[in-house]
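Enquirer: 3D model of this:
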Amino acid sequence: MRFNMFRYLVKEGYRSLRKNLFMSAASILVLVCCLLITGCAYLVFENVNHGFEWAYQQNIVVAYSQKGSTSEQNTAIQTAIGGMDNVSEVIFESKEALLERYSAEFGELLDDLKEDNPLQDAFIVRLKDLSLFDATVTAIEAVEGVDSVDYNADLSAMLVKIRDVVLHIGAWIILLLLLVSLFIIANTIKLTVYTRRLEIHIMRSVGATAWFIRFPFMIEGALLGTTAGTLAYGLVFGVYQVVCHYFPKTAMFQLISFADVWFTLLIGFLAGGMVVGLLGSTISTGRYLKEQTE
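Expert: Below is the predicted model:
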């Protein structure tokens, strides 16, 4: 395609956008709403995921070495557990340190235990993926020198199930909103095609190809999508800043910073808007041209 022809087709796309300003504005507005809800759903999912990551860190496994274990044996146990693929951190606490910590909490109640400490050296283990919880616990129990393992399997299973449900619901919501946006863009372009049916008929009569006719409408759809994506990104940024300002900050949970997701949202909005616009225009013009040839 020559540059002059390409420039002409792009100008036609702009002209069609200005000529149907009311319908274009309505399409952008509806698409902004869809992208805004999609962006909010994404932010909710990311914050829920962040909350589960914090919960994962609290759901730990405690392994106890056998009584009378030497420092060399404890070091070997810590190395073996720390080398497992699903283990992110292993913290060793000697029985003396444990007794001292418990004594600080319960005061003189534990003074009688200081002479003959009944506790065992412990290894506090944090896992990367709770879906591999059972397999990892079994591997820890099999480490030579480990006497017993203390854990909460029910909590880990519940966290995995809740996270999976949130993931699937969020994915379906985003997919549904994108389909709605695609339908809206396709119908908007369809109206534009209908208003220019005489012009299209003349172009086909003089031998214009289907892609030559489609290209201006594709430009129009891409412009609608990117404009809506830019506006939606700005609105999401403003809304999230307000939510972060008023959301109570606690030691347990805080909202993720917008700086952590701004690039993903920006690319997602611009690319998503453009793809939806291009697909919508391609579908609508393709159907119209097919009807005309039948």
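Enquirer: Could you pull up phi and psi at the closest residue to Gly82 other than its chain neighbours?
Expert: Sequence neighbours aside, Val90 is the residue nearest to Gly82 in space, at 4.4 Å (criterion: Cβ to Cβ, 6 or more residues apart in numbering). For the C-beta atoms, the positions are set from N, CA and C on the backbone; glycine is no exception. Per-residue torsions, Val90: phi -130, psi 120 (degrees, to the nearest 10).
Enquirer: count of neighbours near Val90?
Expert: Residues lying near Val90 (other Cβ atoms under 10 Å) number 20.
Enquirer: Compute the distance between it and Asp164, please.
Expert: 27 Å (Cβ to Cβ, to the nearest Å).
Enquirer: What of Arg7?
Expert: From Arg7 to Asp164 the distance is 51 Å (Cβ to Cβ).
Enquirer: Phe263 too?
Expert: 26 Å.
Enquirer: the strands in the chain, which residues?
Expert: Remark: strands assigned in the chain by DSSP state E are 61-65, 87-93, 122-127, 146-150.
Enquirer: Quick check: which of the ones you listed is nearest to Ile173?
Expert: Ile173 lies closest to strand 122-127 among the strands of the chain, at 29.3 Å (Cβ to Cβ).
Enquirer: rewinding a little: give the contact list for the residue nearest to Gly82.
Expert: Counting by Cβ atoms under 8 Å, 6 or more residues apart in numbering, Val90 makes contact with 78, 81-82, 123-126.
Enquirer: can you do 6 Å?
Expert: 78, 81-82, 123, 125 (Cβ atoms under 6 Å, 6 or more residues apart in numbering).
Enquirer: Could you give the number of residues near the residue nearest to Ile256 when sequence neighbours are not counted?
Expert: Counting by Cβ to Cβ, 6+ apart, His50 is the residue found nearest to Ile256 once chain neighbours are left out, at 5.0 Å. By the criterion of other Cβ under 10 Å, His50 has 15 neighbours.
Enquirer: Contact partners for the residue nearest to Tyr64 when sequence neighbours are not counted?
Expert: Nearest non-adjacent residue to Tyr64, counting by Cβ to Cβ, 6+ apart: Gln120, 4.2 Å away. Listed by Cβ under 6 Å, 6+ apart, the contact set of Gln120 reads 64, 67, 95.
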